[in-house]
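Peer 1: for reference, the sequence and a predicted model appear below.
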Amino acid sequence: MAAPREDPAPSGPSKAQGDANDLAQAYRELLRGEQAATALEANLSNLESKLDALLAAYEPAETTEEGGKDSDAGKASRKTSEKKEGPAQQSKEDTQDGKQS
């Protein structure tokens, strides 16, 4: 920030000129701050879009991996049950559990 003026007792036009200079300096600093904030917001928006793209690429892969594991395990379990009990018994259990083929 600007250092305080050390004029003993400014009066008249010189005081008005000093006030105008201080105001102009404050305005310039405000503009610099606004520009810095705008640049930071642009960088953050850029990072956010990159993170969104990474997450979007990761989520389908994660879902596919989980779905593949679950469906394979379910198929293996069902085949094992069908071998032991037969298809008719398996259908009854699915209906009782709320699952329908």
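Peer 2: It's in. Numbering: from 1, shown residues only.
Peer 1: remind me what the helix or strand hosting Lys15 packs against, helices and strands.
Peer 2: Lys15 is located in helix 13-85, with elements delineated by DSSP states H and E. Counting contacts by 3 or more Cβ pairs under 8 Å, 6 or more residues apart in numbering; DSSP states H and E, helix 13-85 is packed against helix 87-96. Glycine gets a C-beta too; all of them are placed from N, C-alpha and C.
Peer 1: what is the burial count for Gly18?
Peer 2: By other Cβ atoms under 10 Å, the residues close to Gly18 number 13.
Peer 1: against Gln25, how distant is it?
Peer 2: In this structure, Gly18 and Gln25 are 11 Å apart, going by Cβ to Cβ, to the nearest Å.
Peer 1: got it, and Ser14?
Peer 2: 16 Å.
Peer 1: pLDDT below threshold where in this protein?
Peer 2: Within the chain, the ranges that satisfy pLDDT under 70 run 1-12, 67-101.
Peer 1: switch to 80 and redo it
Peer 2: Counting by pLDDT under 80, the chain contains low-confidence ranges at 1-13, 61-101.
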